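> below are the sequence and a predicted model; questions follow.
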Amino acid sequence: MFRLTRPCFESLLEVLSTRPEMEVRPDMFGGRERVGLEKTVLIALRYFAHQGNIRSISELFDVADSTVVICRNRVVAALMALKETYIKWPLDHRKQRHISNKFQEKRGFPGVIGAIDATHIQIQPPNEHPQAYVNRKSYHSIILQAVCLPDTSFSNCFIGWPGSVHDSRVLKNSELWAEGENVCGENHIVGDGAYPLNQWLLTPYRDNGNLNAEKKRYNYIHSSTRTVIERSFGILKGRFRRLHFIETKEMETSCDIGVSCCVLHNFCIQHGDIGEEFIEEDYGNCHAAAVQADNDNTGATKRDGIARNLR
């Protein structure tokens, strides 16, 4: 019902019990209603894991609708405070080498320390500029951009841009764009053709029907390496089905819920609860059109060198 194993849930309770965000103030709940830590976390997990409305959760736990919202917000605040603890870029050279080796073991693509993509989270039409949030599939959404590791955990998350915005523009407005070269060093991440090619982000060759065997092999191995981010999103949205549709009109709340689920996703993986049984196709992938104009020469040279040596 709550999409976590019992040992993982117990570990989560232990971590959240130390968070000041989980402390209950005397004026937090009305009347006689007081909700303890375990019930608060269970209410929040039920909210994350299912698409039912607030009323269905309040009836399940025999609490007021407002109590469900309060419990959700407390857990979200605690998880947001833990974001930097559980979603971390591998800056250490030894960690990057280990990650690169894991990626290379899969398909033979060298130097990869992450796979990047974006997924859409459906939302209620916001009060301001609602049309900007209508995506290519004609529903209102915000975009979650993420980079994942070979074990499907996330090393970087960026959320909140309107659904009509192209993936490349989202990237260019994230911290990762400014810091990518420094945090990747000689390594790189892999992304699909929606992203610009450079020395720290390698994309496939554009296939106009006349690619040679070398470039076709590169594209195949690149695609096979990159699919781990699709699995990551599939597990994330399969476990936390709230991310199929967040009903609140408060944009900050929607974004915080999205990031909180990413934190929980990593927490679960770190505690051995991988979540493969929840994996599903990511219907939030809107497959942005490929871009080519922003490709740079250093990235092209690096890509050509890798393509020549792939076997």
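Received it, and whenever you're ready, just let me know what you need.

> how about stretch 220-231: buried residues?
In terms of neighbour count (16 or more other CB atoms under 10 Å), stretch 220-231 has its buried residues at I221, H222, T225, R226, V228, I229, E230. C-beta coordinates here come from the backbone N, C-alpha and C atoms, glycine included.

> what about R217, how many neighbours?
14 (other CB atoms under 10 Å).

> find the nearest non-adjacent residue to it, please.
Among residues not flanking R217 along the chain, L310 sits closest, at 5.8 Å (CB to CB, 6 or more residues apart in numbering).

> wait, which of the buried residues of stretch 220-231 is closest to R303?
Nearest to R303 among the buried residues of stretch 220-231: H222, at 8.9 Å, using CB to CB.

> partner strands of the lengthiest strand in the chain and their direction?
Scanning the chain for the strand with the most residues, using DSSP state E, yields strand 112-122. Each strand paired with strand 112-122, and its direction, by DSSP bridges: strand 141-148 (antiparallel), strand 188-190 (parallel).

> pLDDT on it, on average?
Averaged across strand 112-122, the pLDDT comes to 98.

> which SSE is L45 in?
Secondary structure assigned from DSSP states H and E places L45 in helix 37-49.

> mind listing what's buried along that helix?
Those would be L37, T40, V41, L42, I43, A44, L45, R46, Y47, F48, A49, for helix 37-49 by 16+ other CB under 10 Å.

> export the strands paired with strand 112-122 as JSON lines, with columns for mean pLDDT.
Shown next, in JSON lines, are those (pLDDT from 0 to 100):
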{"stretch": "strand 141-148", "mean pLDDT": "98"}
{"stretch": "strand 188-190", "mean pLDDT": "98"}
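
> a markdown table for these, including distance to A213 and mean neighbour count?
Below are the strands paired with strand 112-122 laid out as a markdown table (distance: least, CB to CB, whole Å; neighbours: other CB atoms under 10 Å):
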| stretch | distance to A213 | mean neighbour count |
| --- | --- | --- |
| strand 141-148 | 30 | 25 |
| strand 188-190 | 20 | 25 |
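
> out of those strands, nearest to I54?
Nearest to I54, of those and by CB to CB, is strand 141-148 at 20.0 Å.

> what about that closest one, distance to the chain center?
Distance, stretch centre to chain centre, for strand 141-148: 5 Å (CA atoms, centre = their mean, to the nearest Å).

> now it - C-alpha only, PDB.
Extracted C-alpha coordinates of strand 141-148, given in PDB (Å, rounded to 0.1, in the frame of the first residue of the first chain):
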ATOM      1  CA  SER A 141       2.700  19.900 -16.900                       C
ATOM      2  CA  ILE A 142       6.000  20.900 -15.300                       C
ATOM      3  CA  ILE A 143       9.300  19.400 -16.400                       C
ATOM      4  CA  LEU A 144      11.500  17.300 -14.200                       C
ATOM      5  CA  GLN A 145      15.100  17.100 -15.600                       C
ATOM      6  CA  ALA A 146      17.300  14.400 -14.000                       C
ATOM      7  CA  VAL A 147      20.700  12.700 -14.300                       C
ATOM      8  CA  CYS A 148      20.900   9.100 -13.100                       C
END
